[in-house]
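Chemist: Whatever this is, show me its structure:
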Amino acid sequence: MMSSLTAALLTIGLLVISNTFMTFAWYGHLKLQNSGISTHWPLVVVILVSWGIALLEYCFMVPANRIGFAGNGGPFSLMQLKIIQEVITLSVFTLFVTLFFKGESLHWNHFVAFLLLIAAVGFAFLDTEKM
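Modeler: Coordinates of the predicted model:
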């Protein structure tokens, strides 16, 4: 049996990997299209390639949720897992966009939105039983 800290770190690591694959599955085809690589691919091919990448996402997402879920001995409730996953998704997406799509830029409202998401994580971890 792994410690709660180990399970938390493993869960978060797997979620980062999972969301990296997810971001490439959902948005990578746009970069391929902009680069001229997939410009003439039929939509069905783009979908199948994205679907194959998404399969890799699930290979990391499912174990992350199993390891992290309190019902399986992990440290997180389902709501906490989902909110952590959403923050990771937006973090990975932001990194992806800034690295691969040079025309996209971050503005002050994006930073405010991220701060609010971090606040959401904080609220999700509040112990309501002690309030």
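Chemist: if I pick the residue nearest in space to the middle of the chain, what's in contact with it?
Modeler: Centroid-nearest residue in the chain, with CA atoms, centre = their mean: T89, separated by 2.8 Å. Counting by CB atoms under 8 Å, 6 or more residues apart in numbering, T89 touches 19, 22-23. No exception for glycine: its C-beta is placed from N, CA and C like everyone else's.
Chemist: following the strand or helix carrying it, which helix or strand shows up next?
Modeler: If you go by DSSP states H and E, T89 is part of helix 78-100. Beyond helix 78-100 in the direction of the C-terminus, DSSP H and E gives the next helix or strand as helix 108-124.
Chemist: tell me the angle of that following helix relative to helix 78-100?
Modeler: Calculated by axes from the mean of the first three to the mean of the last three CA atoms, to 10 degrees, helix 108-124 forms an angle of 160 degrees with helix 78-100.
Chemist: who's in contact with helix 108-124?
Modeler: With CB under 8 Å, 6+ apart, helix 108-124 has contacts from 79-80, 83-84, 86-87, 90, 94.
Chemist: Could you give me the PyMOL selection string for whichever of those residues are buried?
Modeler: The following PyMOL command selects only the buried members of these, with burial defined by 16 or more other CB atoms under 10 Å:
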select buried, resi 80+83+84+87+90
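Chemist: In TSV: the contacts of T89, plus pLDDT, distance to S50 and neighbour count.
Modeler: Formatted as TSV, the contacts of T89 follow (pLDDT from 0 to 100; distance: CB to CB, whole Å; neighbours: other CB atoms under 10 Å):
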residue	pLDDT	distance to S50	neighbour count
N19	96	15	24
M22	95	10	24
T23	94	11	21
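Chemist: and these, which of them are in helices?
Modeler: Among the contacts of T89, the ones falling in helices (DSSP state H) are 19, 22-23.
Chemist: quick one on the thing from earlier: can you give the distance of the helix holding T89 from its chain's centre?
Modeler: 4 Å (CA atoms, centre = their mean, to the nearest Å).
Chemist: Could you do stretch 115-131 as well?
Modeler: That offset, for stretch 115-131, works out to 19 Å (CA atoms, centre = their mean).
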